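> Predicted model and sequence follow; I will ask about them next.
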Amino acid sequence: GNSVTQMEGPVTLSEEAFLTINCTYTATGYPSLFWYVQYPGEGLQLLLKATKADDKGSNKGFEATYRKETTSFHLEKGSVQVSDSAVYFCALFNTNAGKSTFGDGTTLTVKP
Amino acid sequence: GAGVSQTPSNKVTEKGKYVELRCDPISGHTALYWYRQSLGQGPEFLIYFQGTGAADDSGLPNDRFFAVRPEGSVSTLKIQRTERGDSAVYLCASSLNPAGEGEQYFGPGTRLTVT
């Protein structure tokens, strides 16, 4: 079956620090990969996506590269801001299954 | 344009009662998904509709859970004889093309508390 494993949190960083949140997956076929973000008091929002191997998704300074050889989709940002404090979810979508599988989320807190 | 909406935003009910949770997807989105999110966990798939029919209901935990989408737009998740373990945030999402890249748009969720 499909599964997503995320780096356990919580993660606490100072403003302008470098961020990496690890994500690895197990899936049949060739899934699309996503990072969703949930800001305090808000719903899940799509942050970025990649649909095939070696694709790089990017948005708001965040990046993640679809690595098929290591079945990974790690999220990175070069310089975090206080406003990036949120819960980040890695997810895969398998077209054959027609549904998404999510990791358990990683809570990021950025301190000024 | 309008996003996915869910009502109510919060629902408190007593053990054993019946509840209905409503989802209004983005207009024109043919695929609709229900997920359940417990504290500290990611969303867990419940059921997926393509149009009016349930394409996959393998995530429904037992026969107390049922969902409908009679006109291919609004969907209702129904829970009978609620139990305390049903307490969670119930998320709805919609997608324009379920066979495509899988990008889903989520509603704000309904927080269900069973006392």
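Received the coordinates, thanks. Residues are numbered from 1 along each chain as shown, chains lettered A, B, ... in the order given.

> Every contact and neighbour count from this point should use C-alpha atoms.
Will do.

> Quick check on residue B:84: phi, psi?
When read as degrees, to the nearest 10, the backbone of residue B:84 gives phi -60, psi -30.

> Quick one: the strands in chain B, in order.
B:5-7, B:10-13, B:19-24, B:31-37, B:44-50, B:53-56, B:65-68, B:75-79, B:88-95, B:105-106, B:110-114 (DSSP state E).

> typo on my end, it should be chain A
Under DSSP E, chain A gives strands at A:3-6, A:11-14, A:19-21, A:23-26, A:32-38, A:44-50, A:56-59, A:62-65, A:75-77, A:86-94, A:99-102, A:106-111.

> The residue nearest in space to the middle of chain B and chain A, how far apart?
With distances taken as C-alpha atoms, centre = their mean, the residue of chain B nearest its centroid is residue B:34 (3.1 Å). Distance, residue B:34 to chain A, by C-alpha to the nearest C-alpha, to the nearest Å: 10 Å.

> I'd assumed residue B:43 was in contact with that residue.
No. Under the criterion of C-alpha atoms under 8 Å, residue B:34 is not in contact with residue B:43, lying 9.2 Å apart.

> hey, what's in contact with both of those two?
Taking C-alpha atoms under 8 Å, 6 or more residues apart in numbering or on different chains as the criterion, residue B:34 and residue B:43 both touch residue B:91.

> Confidence-wise, which helix or strand of the chain is lowest on average?
I went with chain A, as the question did not name one. strand A:99-102 (a mean of 89; mean pLDDT, DSSP states H and E).

> my question was about chain B
Between all helices and strands in chain B, the lowest mean by mean pLDDT, DSSP H and E belongs to strand B:53-56, at a mean of 88.

> Could you list the paired strands of that one along with their orientation?
Neighbouring strands of strand B:53-56 in its sheet, by DSSP bridges, are strand B:44-50 (antiparallel).

> and for the strand it pairs with, what are the contacting residues?
By C-alpha under 8 Å, 6+ apart, strand B:44-50 touches A:98-102, B:30-37, B:54-61, B:67, B:69, B:72, B:98.

> tell me the angle of it relative to strand B:88-95?
30 degrees (axes from the mean of the first three to the mean of the last three C-alpha atoms, to 10 degrees).

> taking the mean pLDDT, what do you get for strand B:44-50?
Averaging pLDDT along strand B:44-50 gives 93.

> measure stretch A:65-73 end to end?
6 Å (C-alpha to C-alpha, to the nearest Å).
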